[in-house]
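A.B. asks: Here's my sequence, what's the structure:
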Amino acid sequence: MEYEAVIGLEVHAQLLTASKIFCGCATTFGGPPNTQVCPVCLGMPGSLPVLNRKAVEYALKMALATNCQIQAESIFARKNYFYPDLPKGYQISQYEQPLAEHGHLTIRINGAARRIGITRIHLEEDAGKLIHSEARPVSFVDFNRTGVPLIEIVSEPDIRTPDEAVEYLKGLRNILLYLEICDGNMEEGSFRCDANVSLRPSGAAGLGTKTELKNMNSFRFVKMALEYEIKRQRALLADGREIVQETRLWDAAQNQTVSMRGKEEAHDYRYFPDPDLVPVRISAEWVESLTKKLPELPAARWARFQSQFGLPAYDAEVLTSDKALADYFEGCVKEFPQPKQVSNWIMVELLRELKKEEVGIASLPVTPAALGRLLNLVDKGTISGKLAKTVFEEMMATGKDPEAIVKERGLVQISDAEALLPLAQEIINANPKEAADFRAGKTKVMGFFVGQLMKQTKGQANPQMANDIFKRLLG
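C.D. replies: Numbers count the residues shown, from 1 in each chain. Here you go, the predicted structure:
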């Protein structure tokens, strides 16, 4: 029997507010343990929470950006359970009346659009962090993260493949970054997801028994965990065995999912409205104001890069997949208004350097204007494309302007035919066999001659002029 996967994702995104959701404690990552806490986020008797308006605003922006219906009234509830990282013994979240519902996100897989439904977006507070000692059987708890504002984004079970899951996650993260409401750092846990996975006979309408996957802190691990779990469930069903509903962890060292605990149909969290928090009422005027202030979002920018700059869909997708990269591209085009050439350089040379140095675009020592001036030097014939790569590497290493590097190293392209002509003749005289081959119709030999001239001039000969000179001399 053929089976298809049914995948739903629950994404938690930490909001970039300066203070926590119900108190004034800082949300800065990496502070000394238990220094960013107070009676409110620790749940001390008599302390009262006060909702952070900025957290609500950020959540509303995400709801608008993902086509959700914003509820006029939402309610905070207490989700009761015991765990050492939860000082109050309950988590303040939203349950029956979330902030927003019924949205969607359109992703592209192999050039085709796929619409993934979003069930709900709600606000809640984060829990603390457990740190397990490797030296002895004890654990420590850091409550700094307790009370940091989160939005939970729950998808419909519309995802069918691990690739779709990754594209959906990248799409959500990209929107969060464009809105500047979350830093999207999966390693630090500010953007994290759990996945619900089940299989069903292809074409069937029902849902199979699902497992929940946790502990996936990169897009690569999400894909690998889903691929493994789908394969595991398919093998069980092929053997006539049943899928056990459970929570499983991704073990990156073993490249497999492992059972963590059994999971019932629904935990009894004993939700009830938090008596210390009033209902959240969202006015139509507030929503309208936020709608007008929304930035250009990734999908709109992708379309504009094709219409305004004439870029292929693939180029536009790569460039707009990162807001900082898209901003860099536009800054470079202002200096050097040839979009396709800028796109080619960024996608090949710049991204390669970023990968080699393992840094993000924000750490790049080469400004968009500086790269634009470098490309202008190539366009005017001042330096060759090959020399431009050498100059760019030095710009990356030193942060110097391209003009200064070209001047210091004497890299100006030689475009004087009278200077190149005797050098070309010497090369022909020294290589009679290759000259004869060219005259016999083996035109590929031209690359050899041009290469020899470039070598003699240390890459400074104008390549087109070199071609023209050799054609004339060998003709």
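
A.B. asks: Count the neighbours of Glu242 for me.
C.D. replies: Other residues within reach of Glu242, judged by other CB atoms under 10 Å, total 9. (Glycine included, C-beta is placed from N, CA and C.)

A.B. asks: hang on, it is in a helix, isn't it?
C.D. replies: No: the assignment for Glu242, made by DSSP: H, G, I helix; E, B strand; the rest coil, is coil rather than a helix.

A.B. asks: Format the CA atom coordinates belonging to stretch 373-388 as PDB.
C.D. replies: Below are the C-alpha coordinates for stretch 373-388, written out as PDB (Å, rounded to 0.1, in the frame of the first residue of the first chain):
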ATOM      1  CA  ARG A 373      32.100  50.800  -7.300                       C
ATOM      2  CA  LEU A 374      34.100  47.600  -7.800                       C
ATOM      3  CA  LEU A 375      31.600  46.500 -10.500                       C
ATOM      4  CA  ASN A 376      31.800  49.900 -12.100                       C
ATOM      5  CA  LEU A 377      35.600  49.500 -12.400                       C
ATOM      6  CA  VAL A 378      35.000  46.200 -14.200                       C
ATOM      7  CA  ASP A 379      32.300  47.800 -16.400                       C
ATOM      8  CA  LYS A 380      34.600  50.700 -17.400                       C
ATOM      9  CA  GLY A 381      37.500  48.300 -18.300                       C
ATOM     10  CA  THR A 382      39.700  49.700 -15.500                       C
ATOM     11  CA  ILE A 383      40.200  46.100 -14.200                       C
ATOM     12  CA  SER A 384      39.200  42.700 -15.500                       C
ATOM     13  CA  GLY A 385      36.600  40.400 -14.000                       C
ATOM     14  CA  LYS A 386      39.300  38.100 -12.900                       C
ATOM     15  CA  LEU A 387      41.200  40.900 -11.100                       C
ATOM     16  CA  ALA A 388      38.000  42.100  -9.600                       C
END
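
A.B. asks: mind listing what's buried in it?
C.D. replies: Neighbour counts over stretch 373-388 (16 or more other CB atoms under 10 Å) mark Arg373, Leu374, Leu375, Asn376, Leu377, Val378, Thr382, Ile383, Ser384, Leu387, Ala388 as buried.

A.B. asks: Return the subset of these lying in helices.
C.D. replies: Arg373, Leu374, Leu375, Asn376, Leu377, Val378, Leu387, Ala388 (DSSP state H).

A.B. asks: So of the buried residues of stretch 373-388, which two are at opposite extremes in space?
C.D. replies: In those, the most distant members under the criterion CB to CB are Arg373 and Ser384, with 15.9 Å between them.

A.B. asks: How about Val197, nearest residue that isn't a chain neighbour?
C.D. replies: When the adjacent residues along the chain are set aside, Val197 lies closest to Glu229, with 5.0 Å between them (CB to CB, 6 or more residues apart in numbering).

A.B. asks: One more: Ala313?
C.D. replies: Beyond its immediate neighbours in the sequence, the residue positioned closest to Ala313 (CB to CB, 6+ apart) is Gln306, lying 6.2 Å away.

A.B. asks: Check the contact between that neighbour and Ala316; I expect there is one.
C.D. replies: Yes: counting by CB atoms under 8 Å, Gln306 does reach Ala316; the two are 5.0 Å apart.

A.B. asks: out of these two, which sits in the more crowded spot?
C.D. replies: Taking Gln306 and Ala316 together and counting by other CB under 10 Å, Ala316 has the greater number of neighbours (23 against 16).

A.B. asks: quick one: that one and Phe305 touch, right?
C.D. replies: Yes: counting by CB under 8 Å, Ala316 touches Phe305, with 3.9 Å between them.

A.B. asks: Lovely, talk soon.
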